[in-house]
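> Sequence first, then the predicted structure:
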Amino acid sequence: MSDADVIVVGAGPAGSCAAIAAARAGRRVILIERGPFPGSKNMYGGVVYPRILDELVPRWWETAPIQRWVVRRSTMVLSETGALTVDYRSNAWGEPPYNGATAYRPDFDEWLSRQAVAAGAQLVTSTTVTGLLRDASGRVTGVRTDRPDGDLTASVVIACDGVNSFLAKEAGLYTATDPSNFTLGAKETLALPKHVIDERFGVRDDQGVDIEILGGTSGVNGGGFVYTNLDTIALGVVLKLPKLAAQKKRPEEIIATLKAHPAIAPLIEGAEVKEYSAHVIPEAGYSMMPTMVTDGMLVAGDAAALCLAAGIWLEGVNFAMASGMYAGDAAAAAVARNDVSTKSLSAYSDRLNATFVLRDHKKLRKVPGLVLSDRVQQKYPAFVTSVVERVFRVDNPQPKPGLRRIVREERKRAGIKLSQLIRDGWTGLRGFG
Amino acid sequence: MTSIDRDTSWPEISFEERIGTAEFRIHERAHIVVDGDTCRGCSTRECVIACPANLFVPTSDGGILFNYENCFECGTCYMVCNKEGAISWSYPEGGFGIVFHRT
Ligand SMILES: Cc1cc2nc3c(=O)[nH]c(=O)nc-3n(C[C@H](O)[C@H](O)[C@H](O)COP(=O)(O)OP(=O)(O)OC[C@H]3O[C@@H](n4cnc5c(N)ncnc54)[C@H](O)[C@@H]3O)c2cc1C
Ligand code: SF4
Ligand code: SF4
């Protein structure tokens, strides 16, 4: 008999949700994590969009380790000295069932893994999976670990091993690793007294703020973010890998420049760096996704590039939790019918296709490329902020110029062709719409 | 109320202090090995700019000095490096390496 029905590799959000689903279906589940505790290796910007948890952990908000409930979401466009912000606030988001929450991943992932243990999964930490076990036909039959006598066998392996997924690569599910599909996220967790954060961000109690930033990354294609925790602020940048390497500016220098921007500096002034961290994001979305199913194995979460990083959105935990859950369900069902072939397991990919997981990605598949394009990155922030600057500037006794003239002049100054602007606008409208 | 003094409390920290804010449980086996000879012929040096932990240090004789100890295990280096065989990359032993607390 095999050691388990289902082995889940990686106790991030994808892995824990896969383990919860498979264990609830009555399967024997081993959940393997290389860190000393779940979440110890994991870093992100800072907001969990929790709707999918309603299904998995009813009334999750009563026990989940949340920092603040997001009641304000902003998108900021930064030029060198200017800033244009679109800011939406809803205090209703600060009440159950909530729309988004800031949380530390070492807290959140550990909490989620406890739900898997409560469902009956066996959690094994401090154990690195080093490879796959396969039978003569190539079907995946288990994993190799760095423990002495560390081979573990199972009917199905679910690879939830994150963005570098060596397991998906070993199984041949990715064709190649193209660095331009990835961005590096580097972040500072900055400490400030709670009441200072409340005042600066216009919130109180456990209300929080989520700011996504376009521009402000020192000419490296990417973006930035600012999130509020209870007594820290998460501030970071996301940088396109080949562009970063080509630029002569290091990640922490790009963070320092963003921190000094006139629109950002007052928010974080006086804050002390509590923790510096970094992690890679599978940024390219739909176009980079691997095959998700093979004989005896499924891939979920970042391992399957199911992360949505498209300018005003930076979502991955929710996609990881959902895809993990669907993988756990499909694995359990395949084990129950004693058939773990690709065909039998493909109920998983069908479910991804039928739900937000792949629908969002398909709908927005052009957006990551657009947002990270040279025009949107290098030219549009200056263009947009200078148009708005001139609309709001009062130049008495000069009469106000018409909007059309301002747009024309600023577009020319920024070196943007009208045809290109229309084309990008159309791609954006279609992509987002 | 805590008052914030602009001039003195905008702490510019050194890279050592920065990396010192993260916890690393160091194993004696190096999980990443960089082949200095291969690096000697590399003119682009992507790793030197991109590694968020600043672990790739150019030496005066054209090589690269690498220390695996304060590594985030992010994967950036093997992705940006264009030279086959320069970087051998794996995860550290279970339980070792970077341990985040407030990210
Ligand atoms: C800078 C940045 C900002 C982000 N901001 C947000 C945000 O605000 N909101 C949001 O929803 N998403 C955000 N994301 C994306 C989000 O972090 C990921 O999409 C999400 O963590 C994916 O979850 P996962 O479970 O698939 O992978 P991970 O969270 O990476 O978990 C993988 C797990 O597998 C373990 N593991 C890996 N290999 C092995 C092995 N060989 N053996 C044993 N264990 C192994 C790891 O230790 C880890 O615990 C951000 C990402 C970054 C980098
Ligand atoms: S590791 Fe790669 S990028 Fe860095 S110096 Fe060596 S060959 Fe060049
Ligand atoms: S994995 Fe990341 S932190 Fe570690 S050496 Fe490579 S680039 Fe630097």
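Okay, I see it. Ligands and ions are numbered 1, 2, ... in the order given.
> name the helices or strands packed onto the lowest-mean-pLDDT helix or strand in chain B?
Ranked by mean pLDDT, DSSP states H and E, the weakest helix or strand in chain B is helix B:36-40, scoring a mean of 89. Other helices and strands packing on helix B:36-40, by 3 or more C-beta pairs under 8 Å, 6 or more residues apart in numbering or on different chains; DSSP states H and E, are strand B:64-66. Glycine gets a C-beta too; all of them are placed from N, C-alpha and C.
> got the contact list for the strand it packs on?
B:32-34, B:36, B:39, B:42, B:45, B:47-48, B:55-59 (C-beta atoms under 8 Å, 6 or more residues apart in numbering or on different chains).
> Just checking: what are the partner strands of that strand?
Partners of strand B:64-66 in the sheet, by DSSP bridges, are strand B:56-58 (antiparallel).
> ok, residues contacting the strand it pairs with?
Contacts of strand B:56-58 (C-beta under 8 Å, 6+ apart): B:34, B:45, B:47-48, B:64-66, B:77.
> Show me what secondary structure element comes after the least confident helix or strand of chain B.
helix B:46-50 (DSSP states H and E).
> Export only the CA atoms of that following helix, formatted as PDB.
This file holds the C-alpha atoms of helix B:46-50, laid out as PDB (Å, rounded to 0.1, in the frame of the first residue of the first chain):
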ATOM      1  CA  GLU B  46      22.900  40.400 -14.500                       C
ATOM      2  CA  CYS B  47      23.200  38.700 -11.100                       C
ATOM      3  CA  VAL B  48      25.100  41.500  -9.600                       C
ATOM      4  CA  ILE B  49      22.300  44.000 -10.200                       C
ATOM      5  CA  ALA B  50      19.300  41.700  -9.800                       C
END
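> Any part of the least confident helix or strand of chain B near ligand 3?
No: using C-beta under 6 Å from any ligand atom, helix B:36-40 never reaches ligand 3; the gap is at least 13.3 Å.
> hmm, that helix in reach of ligand 2?
Yes: residues of helix B:36-40 contacting ligand 2 under C-beta under 6 Å from any ligand atom: B:38-39.
> Burial check on the closest residue to ligand 2 within the stretch 201-350 of chain A, number of neighbours?
For the stretch 201-350 of chain A, the residue closest to ligand 2 is A:Ala245, as judged by C-beta to the nearest ligand atom, at 8.0 Å. A:Ala245 has 26 neighbouring residues, counting by other C-beta atoms under 10 Å in any protein chain shown.
> Check for me that it belongs to a strand.
No: going by DSSP: H, G, I helix; E, B strand; the rest coil, the assignment for A:Ala245 is helix, not a strand.
> Tell me where the stretch 151-300 of chain A has strands.
Secondary structure of the stretch 151-300 of chain A (DSSP state E, counting those that start in this stretch): strands at A:152-159, A:182-191, A:207-214, A:222-228, A:232-240, A:272-282, A:293-294, A:297-299.
> Specify the angle between the fifth one and strand A:207-214 in degrees.
Note on geometry: by axes from the mean of the first three to the mean of the last three C-alpha atoms, to 10 degrees, strand A:232-240 and strand A:207-214 are set 20 degrees apart in direction.
> Over to the first one?
Following the same axes, to 10 degrees, one obtains 70 degrees for the angle between strand A:152-159 and strand A:207-214.
> which strands and helices sit next to strand A:152-159?
Using 3+ C-beta pairs under 8 Å, 6+ apart: strand A:152-159 touches strand A:4-9, helix A:13-24, strand A:29-32, strand A:140-145, helix A:166-170, strand A:297-299, helix A:317-336.
> Could I get these in a markdown table, plus columns for mean pLDDT and distance to ligand 2?
What follows is the helices and strands packed on strand A:152-159, written out as a markdown table (pLDDT from 0 to 100; distance: least, C-beta to the nearest ligand atom, whole Å):
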| stretch | mean pLDDT | distance to ligand 2 |
| --- | --- | --- |
| strand A:4-9 | 98 | 28 |
| helix A:13-24 | 98 | 30 |
| strand A:29-32 | 98 | 30 |
| strand A:140-145 | 98 | 27 |
| helix A:166-170 | 98 | 19 |
| strand A:297-299 | 98 | 28 |
| helix A:317-336 | 98 | 30 |
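> what about these, which gets the closest to A:Leu214?
Nearest of those to A:Leu214, taken as C-beta to C-beta: helix A:317-336 at 21.5 Å.
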